[in-house]
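A.B. asks: Just a sequence and a predicted model for now, questions to come.
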Amino acid sequence: MEMQMRRAIASLMNVGPVERGISLATGLALLAYTISRRPRLGLPLGLEAGYMIYRGATGHCVFYQMLGINRTEVNGHEGIRVERAVTVNRPKEELYQMWRNVENLPRFMQHLESVEVDETDRGRSHWVAKAPLGKKVEWDSEVIEERENELLIWKSLPGSLVESMGRIEFIDAPAGRGTIVRVSMEYNPPAGSLGAAFAKLLGEEPALQIKNDLRHFKQIMEAGEIPTVDGQPSGRGEPTKKVTLRAKPRQDVVEQASEDSFPASDPPGWISERGIR
Amino acid sequence: MKAVCWNGIVNVGVEDVPEPRLLNPRDAIIRVTSTAICGSDLHLYNGYVPAMKPGDILGHEFMGEIMEVGRQVTKLKPGDRVVVPFPIACGHCFFCERGLWSLCDNSNPNASLAEAMFGHSPSGIFGYSHLMGGYAGGQAEFVRVPFADVGPFKIENGFRDEQVLFLTDIFPTGYMAAEQAGIQPGDTVAVWGCGPVGQFVIQSAWMFNPARVIAIDRFPERLAMAHTHGRAEVINYEGVDVVETLKQMTGGMGPDVCIDAVGMEAHKTGLEGVYDFAKQTVRIESDRPYVLRECIQACRKGGTISLAGVYGGVIDTVPMGAAFNKGLTFKMGQVHVHRYLPTLFEKIEKGEIDPSFVVTHVMPLREAPLAYELFKKKLDGCIKVMLKPE
């Protein structure tokens, strides 16, 4: 019973240890201030103090939870870890080749602008990603482990602005049902977790991104293209109009579709003439 | 070009919109020669399907002539005359390979939205809300068709549009409802709803040699069509207890197969009708399940219930205990049009059926707003409307 309770609490933890300490200290200080000075805003301050103490003591932050942020430790450092699996109805050799030639990745990884392989060291590559607010982030990465048609692990080189590590595994699905592709990614975005919170608000949250990237990967491998409605006509005026956070459709809508129902930022689904390299 | 746009609840308009263009290598552009309003378009019209945006082009029953093809389309060329299945299917995923075309894994660009609602995403559908991909529909002069080598079916002989148009949806929908119910020779089949889909359910049910087909509705012209053209016994549900009537008609056994050709906007008189209408109006319940309830109560023990009418969300007060304790089998889903198209076209070619019997109104596309009203309110004997772009 106690074990279960502990596990339940542990699963709610999403605040890192340093931050927990700060929360607890701030909460206690606020509480002391509220009790000793009895300021005019005593009630809200008292509530805030109580919340900070709770957050520090339990490591659970309601707001982080709402934003899907988890800042507890991952393998000894603060960061984001995402895991995702998808089944693709193609042989694993084909899927492995697509990933091994990292220059293919921007075709289905929406946030990547380009990946270039180092001509002198084929295991190394230069990655350019789109960052929030139209900025770019670049880093170098190298393959640190590979088993042909089965496994790839890559890691950013020391000193990279974005510290990242990725692992992708290709497993035969039972009874000839294609390949189960299992991806896990760990990274520290530029401005630490604040960057991730910001990215999440902009709809570029990592878990969602990996999910969509893997879906696009599957679509390219199975259907040869990424389905899209971006650029089709409608009675809303010009086609290819991007849906932005501010775009408000007219009033008489049954129920608004969520923003991610209109992946207006999807790249066009064309496959390059070169095909899979 | 002119296109029928959803501008809000019970508000469609014929608008000037840009012409579609090829967006992907497997696309084709089709000039629409005929299109139809489907009963399920009324669910959109009446605002019961979420994720519609004003300006969305409606229509998933359409046929026409190929104008342009993407560079990976090999089986079609400009000038070909085609009917287009309403579900969009890639042809290569787990589901397509097994003939489950309406469950295609790769054709819904908004799959994550559908996954949030259904757990998994079904295929994309033309003109059927952003939940189903947000594809522009075919109630327009031109339409873009993705995966054109997989869906469109060539019609080469000289059939008129109204004879083959319904291969896009309602004929296969009716056929699958009958086929998946596993009708055995000697069975009694009861069909709720004598709209266009119900009429094709009745026609298709006879193809499996049942002893009797009983049709249920309340509109005289629809019951008449079911009786004369469909050779069905009919029940007007107004003022009678349908479940009891079916039991009496079948000597107490109940129909072996019950087919719901109505779906989420069923109509019911009396208290039960008020109850669900109220809940649906305040969105506590998204679908009104009277027909489903009646099917469960009426069905013979160990019988099969097959759903052709569309359900979109949640329902309640479904007598699950009755379904379980009577050992019923449920079959349902959007039809895998691609699977049935060749077989059903062959039946038309052989003269076994002429689907044009269901058409009561042929109107120009520009009169779509009137057509929607006629069809919704079942005015002027309206059973099925065909729209013709000029």
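C.D. replies: Right, received. Where do you want to start?

A.B. asks: So for stretch B:296-307, first residue to last residue, what's the gap.
C.D. replies: Taking CA to CA, to the nearest Å, the span from the opening residue of stretch B:296-307 to its closing residue is 12 Å.

A.B. asks: Could you list the buried residues of that stretch?
C.D. replies: Within stretch B:296-307, the residues that count as buried by 16 or more other CB atoms under 10 Å in any protein chain shown are B:296, B:297, B:298, B:299, B:300, B:303, B:304, B:305, B:306, B:307. For the C-beta atoms, the positions are set from N, CA and C on the backbone; glycine is no exception.

A.B. asks: According to the record, where do the domains of chain A fall?
C.D. replies: A:2-71, A:74-222 (automatic domain parsing).

A.B. asks: For residue A:231, identify the helix or strand it belongs to.
C.D. replies: Using DSSP states H and E, residue A:231 sits within no helix or strand.

A.B. asks: returning to that earlier point: okay if I get the buried residues of stretch B:296-307 as JSON lines plus secondary structure and distance to residue B:13?
C.D. replies: Formatted as JSON lines, those follow (DSSP: H, G, I helix; E, B strand; the rest coil; distance: CB to CB, whole Å):
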{"residue": "B:296", "secondary structure": "helix", "distance to residue B:13": "40"}
{"residue": "B:297", "secondary structure": "helix", "distance to residue B:13": "42"}
{"residue": "B:298", "secondary structure": "helix", "distance to residue B:13": "42"}
{"residue": "B:299", "secondary structure": "coil", "distance to residue B:13": "43"}
{"residue": "B:300", "secondary structure": "coil", "distance to residue B:13": "47"}
{"residue": "B:303", "secondary structure": "coil", "distance to residue B:13": "45"}
{"residue": "B:304", "secondary structure": "strand", "distance to residue B:13": "42"}
{"residue": "B:305", "secondary structure": "strand", "distance to residue B:13": "38"}
{"residue": "B:306", "secondary structure": "strand", "distance to residue B:13": "36"}
{"residue": "B:307", "secondary structure": "strand", "distance to residue B:13": "32"}
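
A.B. asks: Quick one: the helices in the stretch 251-390 of chain B, in order.
C.D. replies: With DSSP state H, counting those that start in this stretch as the criterion, the stretch 251-390 of chain B has helices at B:271-281, B:290-298, B:320-325, B:337-349, B:368-377.

A.B. asks: pLDDT (mean, whole number) over the second one?
C.D. replies: To tie it back to what came earlier, the one meant is helix B:290-298. Across helix B:290-298, pLDDT averages out at 96.

A.B. asks: does residue B:76 belong to a helix or a strand, and which?
C.D. replies: For residue B:76, there is no enclosing helix or strand under DSSP H and E.

A.B. asks: Shouldn't residue A:94 be within a helix?
C.D. replies: Yes. Counting by DSSP: H, G, I helix; E, B strand; the rest coil, residue A:94 is part of a helix.

A.B. asks: give me the beta-bridge partners of residue B:29?
C.D. replies: residue B:68, residue B:144 (DSSP bridges).

A.B. asks: Okay, buried residues for stretch B:242-260 please.
C.D. replies: Buried, per 16+ other CB under 10 Å, within stretch B:242-260: B:242-243, B:245-247, B:249-250, B:254-260.

A.B. asks: Contacts only, for residue A:129.
C.D. replies: Contacts for residue A:129 (CB atoms under 8 Å, 6 or more residues apart in numbering or on different chains) come out as A:111, A:112, A:113, A:136, A:137, A:138, A:162.

A.B. asks: wait, residue B:364 sits on residue B:390?
C.D. replies: Yes. Look at residue B:364 against residue B:390 with CB atoms under 8 Å: they come within range, at 5.8 Å.

A.B. asks: circling back to that earlier point, can you tell me which of the helices of the stretch 251-390 of chain B is nearest to residue B:175?
C.D. replies: Comparison of the helices of the stretch 251-390 of chain B against residue B:175 by CB to CB identifies helix B:337-349 as nearest, at 5.5 Å.

A.B. asks: circling back: settle it for me: which of residue B:364 and residue B:390 has more neighbours?
C.D. replies: Between residue B:364 and residue B:390, counting by other CB atoms under 10 Å in any protein chain shown, residue B:364 is the more crowded of the two (13 against 7).

A.B. asks: quick one: pLDDT of the more buried one?
C.D. replies: In this model, residue B:364 carries a pLDDT of 98.

A.B. asks: Quick check: beta-bridge partners of it?
C.D. replies: Following DSSP bridges, residue B:364 is listed with bridge partners residue B:388.

A.B. asks: before we move on, back to that, near chain B too, which of the contacts of residue A:129?
C.D. replies: Near chain B, judged by CB under 8 Å from any CB of the partner chain, there are no entries from these.

A.B. asks: With distance to chain A as extra columns, can I get the buried residues of stretch B:296-307 in a markdown table?
C.D. replies: Shown next, in a markdown table, are the buried residues of stretch B:296-307 (distance: CB to the nearest CB, whole Å):
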| residue | distance to chain A |
| --- | --- |
| B:296 | 29 |
| B:297 | 31 |
| B:298 | 33 |
| B:299 | 33 |
| B:300 | 36 |
| B:303 | 33 |
| B:304 | 28 |
| B:305 | 29 |
| B:306 | 28 |
| B:307 | 23 |
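
A.B. asks: Mind picking the two most distant members of those residues?
C.D. replies: Farthest-apart pair in the buried residues of stretch B:296-307 is B:300 and B:307; separation 17.1 Å (CB to CB).

A.B. asks: OK, contacts around the residue lying closest to residue B:28 once chain neighbours are set aside?
C.D. replies: In space, and not counting its chain neighbours, residue B:28 is closest to residue B:148: 3.5 Å by CB to CB, 6 or more residues apart in numbering or on different chains. Applying CB under 8 Å, 6+ apart to residue B:148 gives the contacts B:26, B:27, B:28, B:66, B:69, B:70, B:73, B:75, B:76.
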